[in-house]
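Student: Give me coordinates for this.
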Amino acid sequence: MATIKDVAALAGISYTTVSHVVNKTRPVSEEVRLKVEAAIQRLDYVPSAVARSLKAKTTATIGLLVPNSLNPYFAELARGIEDYCERNGYCVILCNSDDNPDKQRSYLRVLLEKRIDGLIVASAGGDVGLAQGLKGVRTPMVIVDRGLDGVDADLVRIDHEYGAYLATRHLLELGHRDIAFIGGPADTSVAQMRLAGYCRALKEAGIELPVERMLESDFTSTGGYRAAAKLLEQQPPSAIFAANDMIGIGVLRAAAERNVRVPSELSVIGFDDIQMSRYVYPALTTVGQSILQLGEMAAEVLLRRIATPGLVTDQRIVTPSIVLRESTAPLSGAFAQYR
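Tutor: Numbering: from 1, shown residues only. Take a look at the predicted model:
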């Protein structure tokens, strides 16, 4: 890879003069400028971003750490962040940790070494080691979707507990009483908050919490499919609240394979409102807020933090709403009063 010294040697002028041409820090003659540009083109020279950042004290880059880029939720979130940053002159470096705490910490170190201007972390929510690593970070930072204990940073997330409460209330208002819940990993804060919202709605309705109807999965369609297969084996519930849309899609598949009609025999509601949920059959009723807008909000908060580091810590809790589609319906059938 060519260096600025190689450009200077080929052009036959000093290193300092080449630097002035590249960085536009001092006027030079037209003849000298053309010599430098010709040498740059011939050598395919690219100025060092690190060297420029040391001088300018900015790289115009944002680091984004996500736990699973295959999950459409995080893909849409990343797109919203990238779009907002691009419109405001920033590039985004995306790092996918595959829900691996070691990879999370490794990528965090790499991003900080690249002297990024800011960091957005979409955490898996259960990694104490990552929280410890983020405590000492002085780079402007925003945590998205899942708070991390002990980390003093701006936070942007959905109100998970209230969203789950709304989802369960929706099923209750349709006449369902036997409502199962398929959650995410029990050690994650998101799964805990969504379970809490489900329990609150049932308690308010005077329904005893059905422990045997509360299953754990891993926020994937495969996990949702396996959990739903267990629920549908004997005495299936009349409704299932899936703790995210990917789980809900797995539930729809399990029901279809067993000839359980949705929504006439089984109502299913998800959470997050990923774009894919509109195009499955039947289209998935869900709870959420525009994920793209959530990403843009996170980027907006971060860029404001970069511009004004002394601002008070900002926590934005976005209120979700029911997105009514085709997978939920009023309880019906001869034995409806018993379910």
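Student: Can you show me the strands along the stretch 101-250 of the chain?
Tutor: 118-122, 141-144, 154-158, 179-183, 214-216, 239-242 (DSSP state E, counting those that start in this stretch).
Student: for the record, mean pLDDT for the fourth one?
Tutor: Strand 179-183 comes out with an average pLDDT of 97.
Student: Counting neighbours, which bits of that strand end up buried?
Tutor: Within strand 179-183, the residues that count as buried by 16 or more other C-beta atoms under 10 Å are 179-183. For the C-beta atoms, the positions are set from N, CA and C on the backbone; glycine is no exception.
Student: which residues are contacting it?
Tutor: 168, 171-172, 191, 194-195, 198, 202, 207, 210, 213-217, 223-224, 227-228, 231, 237-243, 247, 251 (C-beta atoms under 8 Å, 6 or more residues apart in numbering).
Student: let's go with 6 Å and repeat that
Tutor: With contact meaning C-beta atoms under 6 Å, 6 or more residues apart in numbering, strand 179-183 is reached by 171, 191, 195, 198, 213-217, 224, 227, 231, 237, 239-243, 247.
Student: Mind giving me the PyMOL select for those, buried ones only?
Tutor: The PyMOL selection below is limited to those of the contacts of strand 179-183 classed as buried (16+ other C-beta under 10 Å):
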select buried, resi 171+191+195+198+213+215+216+217+224+227+231+237+239+240+241+242+243+247
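Student: residue nearest the centroid of the protein?
Tutor: In the chain, the C-alpha nearest the mean C-alpha coordinate belongs to Phe74, at 3.6 Å (C-alpha atoms, centre = their mean).
Student: returning to that earlier point: of all the buried residues of strand 179-183, which two lie farthest apart?
Tutor: Greatest spatial distance in the buried residues of strand 179-183: Ile179 and Gly183, 13.0 Å, computed using C-beta to C-beta.
Student: lowest average confidence, helix or strand, in this protein?
Tutor: helix 49-56 (a mean of 52; mean pLDDT, DSSP states H and E).
Student: In the stretch 51-200 of the chain, what residue spans correspond to helices?
Tutor: With helices called from DSSP state H, counting those that start in this stretch, the stretch 51-200 of the chain shows them at 72-87, 101-113, 128-135, 160-173, 189-204.
Student: Any chance of those helices in CSV with mean pLDDT and distance to Gln315 as columns?
Tutor: Listed next are these as CSV, based on pLDDT from 0 to 100; distance: least, C-beta to C-beta, whole Å:
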stretch, mean pLDDT, distance to Gln315
helix 72-87, 95, 18
helix 101-113, 85, 22
helix 128-135, 72, 16
helix 160-173, 97, 14
helix 189-204, 95, 14
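Student: Of the ones you listed, which is nearest Ala298?
Tutor: Nearest of the helices of the stretch 51-200 of the chain (C-beta to C-beta): helix 72-87, 5.9 Å.
Student: do you know how far Leu292 is from Asp273?
Tutor: Leu292 sits 11 Å away from Asp273, going by C-beta to C-beta, to the nearest Å.
Student: Out of the helices of the stretch 51-200 of the chain, the one nearest Val144 is which?
Tutor: helix 72-87 (6.6 Å).
Student: Out of the helices of the stretch 51-200 of the chain, flag the one nearest Ala122.
Tutor: helix 72-87 (6.0 Å).
Student: which stretches of the stretch 201-339 of the chain form helices?
Tutor: Using DSSP H, counting those that start in this stretch, helices in the stretch 201-339 of the chain cover 221-231, 245-257, 291-307.
Student: Which residues are in contact with the nearest residue to Thr58 once chain neighbours are set aside?
Tutor: Excluding the flanking residues, the one nearest Thr58 by C-beta to C-beta, 6 or more residues apart in numbering is Asp117, at 5.6 Å. Shown in contact with Asp117 (C-beta under 6 Å, 6+ apart): 58-59, 306.
Student: Quick one, which of the helices of the stretch 201-339 of the chain gets closest to Asn68.
Tutor: For Asn68, the closest of those is helix 245-257, at 10.0 Å, according to C-beta to C-beta.
Student: other SSEs contacting the closest one?
Tutor: Counting contacts by 3 or more C-beta pairs under 6 Å, 6 or more residues apart in numbering; DSSP states H and E, helix 245-257 is packed against helix 221-231, strand 239-242.
Student: mind putting those in CSV, distance to Val318 and mean pLDDT included?
Tutor: CSV is the format used below for the helices and strands packed on helix 245-257 (distance: least, C-beta to C-beta, whole Å; pLDDT from 0 to 100):
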stretch, distance to Val318, mean pLDDT
helix 221-231, 24, 97
strand 239-242, 20, 98
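Student: Now distance to Leu134 too, for those, in CSV please.
Tutor: CSV is the format used below for those (distance: least, C-beta to C-beta, whole Å):
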stretch, distance to Leu134
helix 221-231, 27
strand 239-242, 30
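Student: Gln104 is nearest to which of the strands of the stretch 101-250 of the chain?
Tutor: Proximity to Gln104, assessed across these by C-beta to C-beta, is greatest for strand 118-122 (8.6 Å).
Student: which outside residues touch the closest one?
Tutor: 62-66, 74, 139-145, 298, 302, 306.
Student: what angle do it and strand 154-158 make?
Tutor: For strand 118-122 against strand 154-158, the angle by axes from the mean of the first three to the mean of the last three C-alpha atoms, to 10 degrees is 30 degrees.
Student: relative orientation of strand 118-122 and helix 291-307 in degrees?
Tutor: The directions of strand 118-122 and helix 291-307 differ by 150 degrees, with the same axes, to 10 degrees as the criterion.
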